[in-house]
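Chemist: Whatever this is, show me its structure:
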Amino acid sequence: MSQSVRMLLYVLISRIVGLSVSLVRGFVIPALLSIVDYGIYKSFGLYSSFAGLTHLGMVDGIYIEYGGRDFSKIDKKDLSSQLCFMLIVQVVFVLPILLFGMFAEDFLFYVFLSASFLGGNLVAFFSYLAQATSQFKIFSYYHLLGSFVSLLCTLAALIFRVSWFYYFIALDVLIKYIEFAILFRKLNFRASVGLATIFSKRNWLIAWKGFIIYFGNFSSVLFYSMDRWFVKILLRTEDFAFYSFATSMMGMVMILVSSVAMTFYPMLARRQEEEGLLRSLKSYLMIIGSFAGAAYFGFDLIVNWILRDYLSSLEVIAILFAGFPAIAVINAIYVNMYKAQKTEKKYFFTVFGMVAVSFGLNALAVVINRSNWTIAAATTIAFYFWFFFSSKDFKGAKTNLREIAYLSAFLIVFFSTTRLLPWWLGLPLYLAGIFGITLLFYKKEFFELISKVSGALVRKTRGV
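Modeler: Residues are numbered from 1 along each chain as shown. Modelled structure (predicted):
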């Protein structure tokens, strides 16, 4: 585990920087844009989240093909041919978007959307490869530089009071290409291959391996964006802006959780049969997710102090953040284990089923009360449904009474402190409550987690 914790620290350092930049952007952009323009900007982000639909499984195939392997022993010509394969597929899908945009009212929007799709999948190809082969130093490097450029451009917008939403859309697209260029260079790629190599039987097979995962990931994107689609289609533009602001705040905290998830895949690919490992990881993630809920109080303070136009978002944030323990386990263990065990069909049908559950819960929420908070509640319930449903699929991850008691206590502490108390009183009581229930139910695992992280930090400081 020490090597895994050390890899996690590389990613966490870059992600903490990324989180800091996200915090700046998360508050600067809505402060500069009108609520309607912010809604348009977040709509672009919602559409861009479906970029993964246009690579037809090649990125996921790369993740599966090279998971747990030594990067230095991989033939770079093979990787170059697989990159070219994906690029050709990308062009086939992106051109129709551009053609459609020529007849649409806002052509520039579709130009940026096409560029975002292409850039997003280029970055995904390399970042998935880096994660699968444990190249976390390179992963951290590209993320740090991309975050630095993003911060500079956002601060420039603040200084010059830029209030044009296309500036921020263009910046988001530009960052993708900067990150791609860094990864391309750092991984020593040479994309000079012939057509026969590009369309080789092996490349088709890799794409096919990722194809079912591709559909599973599509369903996953639908699952994670279902609530925003309901809000966008059925509620006002202002409601969508408020809800999107809340999901942006959630995304900031999830940066750290996703850092844990990405470092687990190579280890799970090699040690997927170790029940004790899964049991420990699940406990660690629930503890991390529970403490992550404290972020609500920071957002409460900042919104009340700086962004009072977005006070309506706090109600949504207070509900969505309750799902952190479940989301952490889903992202870091369940999704990774489906891929590590190469049970692509089970992954697809599971995620597709969760999409159906999420759709049903959101539809019921709208029938009961067409509002942001009911949709947020439905989404949080869907997360916990998935948490319990998939626990049966992996030995060592099965739900037990201790987990149920811990999560029940967490929810009581979370909602009583976030909904009933001001931030200055709620925060210390929340931390005390979470610390208390963690010592009560997971004392051993809590101190193990502290020991592993602190030990890795000491070794990192000493250069070991």
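Chemist: what comes up buried for the lengthiest helix in the chain?
Modeler: Identified as the longest helix of the chain according to DSSP state H is helix 423-462. For helix 423-462, burial by neighbour count (16 or more other Cβ atoms under 10 Å) applies to 423, 426-427, 430-431, 433-434, 437-438, 441-442, 445-446, 448-449, 452, 456. Yep, even glycine has a C-beta here, placed from its N, CA and C like the rest.
Chemist: That helix packs against which elements?
Modeler: helix 2-32, helix 275-292, helix 295-305, helix 401-420 (3 or more Cβ pairs under 8 Å, 6 or more residues apart in numbering; DSSP states H and E).
Chemist: For residue 40, find the nearest of the ones you listed.
Modeler: Of all the helices and strands packed on helix 423-462, helix 2-32 sits nearest to residue 40, with 11.7 Å by Cβ to Cβ.
Chemist: And the average pLDDT for the closest one is what?
Modeler: Mean pLDDT, helix 2-32: 76.
Chemist: same thing with stretch 206-220?
Modeler: Rounded mean pLDDT across stretch 206-220 is 79.
Chemist: Need the CA coordinates for it. CSV is fine.
Modeler: Extracted in CSV, the C-alpha atoms of stretch 206-220 (Å, rounded to 0.1, in the frame of the first residue of the first chain):
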residue,chain,number,x,y,z
ILE,A,206,-8.9,-2.9,-28.5
ALA,A,207,-11.8,-0.7,-29.6
TRP,A,208,-14.2,-3.6,-29.3
LYS,A,209,-12.9,-4.4,-25.8
GLY,A,210,-13.8,-0.8,-24.8
PHE,A,211,-17.1,-0.7,-26.7
ILE,A,212,-19.3,-2.2,-23.9
ILE,A,213,-17.4,-0.1,-21.3
TYR,A,214,-18.1,2.9,-23.7
PHE,A,215,-21.8,2.3,-23.5
GLY,A,216,-21.4,1.9,-19.7
ASN,A,217,-19.6,5.2,-19.5
PHE,A,218,-22.3,6.8,-21.7
SER,A,219,-24.8,5.6,-19.2
SER,A,220,-22.6,6.8,-16.4
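Chemist: Can you pull out the residues in contact with it?
Modeler: 50, 52-53, 55-65, 82, 85, 335, 338-339, 344-345, 347-348, 350-352, 354-355 (Cβ atoms under 8 Å, 6 or more residues apart in numbering).
Chemist: So residue 255 versus residue 133, what's the distance?
Modeler: Spatial separation of residue 255 from residue 133 under the definition Cβ to Cβ, to the nearest Å is 22 Å.
Chemist: Test my guess that residue 226 contacts residue 359.
Modeler: Yes: at 6.1 Å, residue 226 counts as touching residue 359 under the criterion of Cβ atoms under 8 Å.
Chemist: Quick check, residue 19 in contact with residue 256.
Modeler: Yes: using Cβ under 8 Å, residue 19 is in contact with residue 256, at 6.3 Å.
Chemist: So for these two, which sits in the more crowded spot?
Modeler: residue 19 (21 against 18; other Cβ atoms under 10 Å).
Chemist: ok, the more buried one - contacts?
Modeler: With Cβ under 8 Å, 6+ apart as the criterion, the residues that contact residue 19 are 252-253, 255-256.
Chemist: Mind listing what's buried along stretch 71-78?
Modeler: Neighbour-count burial for stretch 71-78 flags 71, 78 (criterion: 16+ other Cβ under 10 Å).
Chemist: next one: it to chain centre, how far?
Modeler: In terms of Cα atoms, centre = their mean, to the nearest Å, the centre of stretch 71-78 is found 28 Å from the chain centre.
Chemist: Kindly report the same for stretch 61-79.
Modeler: The chain centroid and the centroid of stretch 61-79 are separated by 23 Å, computed with Cα atoms, centre = their mean.
Chemist: That stretch - what's its average pLDDT?
Modeler: Here the average pLDDT along stretch 61-79 is 82.
Chemist: Between the two ends of it, how far is it?
Modeler: 12 Å (Cα to Cα, to the nearest Å).
Chemist: Stretch 95-110 now?
Modeler: Terminal-residue distance, stretch 95-110 (Cα to Cα): 10 Å.
Chemist: on that earlier part again, turn the helices and strands packed on helix 423-462 into a markdown table, columns for distance to residue 231.
Modeler: Listed next are the helices and strands packed on helix 423-462 as a markdown table, based on distance: least, Cβ to Cβ, whole Å:
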| stretch | distance to residue 231 |
| --- | --- |
| helix 2-32 | 16 |
| helix 275-292 | 23 |
| helix 295-305 | 18 |
| helix 401-420 | 21 |
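Chemist: right, so of these, which gets closest to residue 242?
Modeler: The closest of these to residue 242 is helix 2-32. By Cβ to Cβ, the value is 9.8 Å.
Chemist: Please export the alpha-carbon coordinates of the helix or strand that the closest one is followed by; PDB is fine.
Modeler: Following helix 2-32 in sequence order, the next helix or strand is helix 35-48 (DSSP states H and E). Output of helix 35-48 as PDB, limited to C-alpha atoms (Å, rounded to 0.1, in the frame of the first residue of the first chain):
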ATOM      1  CA  ILE A  35     -27.200  34.600 -14.200                       C
ATOM      2  CA  VAL A  36     -28.500  33.900 -17.700                       C
ATOM      3  CA  ASP A  37     -25.000  34.000 -19.300                       C
ATOM      4  CA  TYR A  38     -23.700  31.700 -16.500                       C
ATOM      5  CA  GLY A  39     -26.500  29.300 -17.400                       C
ATOM      6  CA  ILE A  40     -25.400  29.300 -21.100                       C
ATOM      7  CA  TYR A  41     -21.800  28.700 -20.000                       C
ATOM      8  CA  LYS A  42     -22.800  25.800 -17.800                       C
ATOM      9  CA  SER A  43     -25.000  24.400 -20.700                       C
ATOM     10  CA  PHE A  44     -21.800  24.300 -22.800                       C
ATOM     11  CA  GLY A  45     -20.200  22.300 -20.000                       C
ATOM     12  CA  LEU A  46     -23.200  19.900 -19.900                       C
ATOM     13  CA  TYR A  47     -23.000  19.300 -23.600                       C
ATOM     14  CA  SER A  48     -19.200  18.800 -23.500                       C
END
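Chemist: I am finished for the moment; much appreciated.
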